[in-house]
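Trainee: pasting the sequence and the predicted coordinates here, then a few questions.
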Amino acid sequence: MGTLYLVRHGQASFGADDYDQLSALGHQQSVRLGEYLRHKGLSFEAVLTGTLRRHVQTFAGICEGLGNGSDEETVRREGPLRASTAPSSSERGSATPEAHAVASVGAHIQWPGLNEYDSEAVIAAIHPHKLEKPTSPEMYRSHFRLLRDGLAQWMAGVVSPRGMPSYTDFVAGVTSALDHIRSHYDGNVLLVSSGGPISTAVGQVLGTSPETTIELNLRIRNSSLTEFSFTPKRHMLVTYNTLPHLDAPEHASWITYA
């Protein structure tokens, strides 16, 4: 039986012109997670990440904490692997998955199906007027109320956010990664992605309603660990949204949601 460790990216740059960039704290969270995994004595047959910068930067931070350097040092490049579903949205990435051997983490595969939905497009589908950058608690609450509503309508097929796949295709991108893991590995596998794909993976394993999947998504914390056990036939949820690497009092201020 294998174990899949799903990691949400470190804190990104919510409210900035470019969200898809780890903050200084996001990098620290990622390095600290790598240190925790090293202290646990974990090694990985493979790692799958999305193609977004915050995914790749989080993996680089984990590698640094594991003692593999601050880069994704590729020592061997293998031929490209294609996901069964390659969403066309630029937010979900246009590159095909590629496998690289990375010191102590086995093959690194970039999988576009693990890219996040475009939250701005989701909100715009139900609220056509451009939102101001949130600068107050009430503005942040308004943003997430709209996002929750937009996600519900996208998942129900009521709206089609511009540049995004259907929700059915989004789910297929996530489940194709899970299928690949089950069919190719039987040890420890690391997956670095975002709240949307990770909550979708949990929802598929547990058979949750769309409303529950949305709540799982909006509660997931930066650099959190979710753990699945898996066999060639199925995945099973073990833990969700944990932060064992930030348990110490000195890391209490490192717990973030964006």
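Mentor: Cool, the structure landed.
Trainee: tell me how many other residues surround F14.
Mentor: F14 has 15 neighbours, counted by other C-beta atoms under 10 Å. To be clear about C-beta, it is placed using only N, CA and C from the backbone, and glycine gets the same treatment.
Trainee: just confirm it contacts T256, I think it does.
Mentor: No. The criterion here is C-beta atoms under 8 Å, and F14 misses it with T256 at 9.1 Å.
Trainee: what is the three-state secondary structure of D18?
Mentor: Three-state call for D18 (DSSP: H, G, I helix; E, B strand; the rest coil): coil.
Trainee: burial count for it?
Mentor: So D18, with other C-beta under 10 Å, has 8 neighbours.
Trainee: again, but for L42
Mentor: Counted with other C-beta under 10 Å, residues neighbouring L42 total 15.
Trainee: isn't it up against L225?
Mentor: No. The criterion here is C-beta under 8 Å, and L42 misses it with L225 at 10.8 Å.
Trainee: tell me the mean pLDDT over stretch 193-202?
Mentor: For stretch 193-202, mean pLDDT is 98.
Trainee: which of the residues in it are buried?
Mentor: Residues of stretch 193-202 classed as buried by neighbour count (16 or more other C-beta atoms under 10 Å): 193-202.
Trainee: do stretch 247-258 as well
Mentor: Buried, per 16+ other C-beta under 10 Å, within stretch 247-258: 254, 256.
Trainee: what about it, distance to the chain center?
Mentor: With C-alpha atoms, centre = their mean, to the nearest Å as the basis, stretch 247-258 stands 19 Å off its chain's centre.
Trainee: quick check, pLDDT for S136.
Mentor: If you check S136, the pLDDT there is 83.
Trainee: where in this structure is pLDDT low?
Mentor: 15, 69-104 (pLDDT under 70).
Trainee: at 50 instead, please
Mentor: Along the chain, the parts satisfying pLDDT under 50 run over 71-96.
Trainee: show me what contacts the most centrally placed residue in it?
Mentor: The chain has S193 as the residue nearest its centroid, 1.7 Å off, counting by C-alpha atoms, centre = their mean. Going by C-beta atoms under 8 Å, 6 or more residues apart in numbering, S193 touches 6-9, 49-50, 55, 114-116.
Trainee: can you report phi and psi for it?
Mentor: The phi/psi pair for S193 (degrees, to the nearest 10) reads phi -150, psi -150.
Trainee: just use 187 as the starting number from now, easier for me
Mentor: In the new count, where the first residue is 187, that last one comes out as S379.
Trainee: hey, where'd the strands end up in the stretch 187-336 of the chain?
Mentor: Using DSSP state E, counting those that start in this stretch, the strands of the stretch 187-336 of the chain run over residues 188-194, 232-235, 260-266, 284-288, 292-296.
Trainee: no, scratch that, I was asking about the stretch 337-444 of the chain
Mentor: Going by DSSP E, counting those that start in this stretch, the stretch 337-444 of the chain shows strands at 374-379, 411-416, 421-428.
Trainee: helices or strands next to the second one in the packing?
Mentor: Pointing back at strand 411-416 there. strand 188-194, helix 353-370, helix 381-392, strand 421-428 (3 or more C-beta pairs under 8 Å, 6 or more residues apart in numbering; DSSP states H and E).
Trainee: would you mind putting the CA coordinates of the shortest one into CSV?
Mentor: In this case it means strand 188-194. The C-alpha coordinates for strand 188-194 follow below in CSV (Å, rounded to 0.1, in the frame of the first residue of the first chain):
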residue,chain,number,x,y,z
GLY,A,188,1.3,3.4,-0.9
THR,A,189,1.0,6.8,0.7
LEU,A,190,0.2,10.0,-1.2
TYR,A,191,1.1,13.3,0.5
LEU,A,192,-0.9,16.2,-1.0
VAL,A,193,0.5,19.7,-0.2
ARG,A,194,-1.2,23.0,-0.8
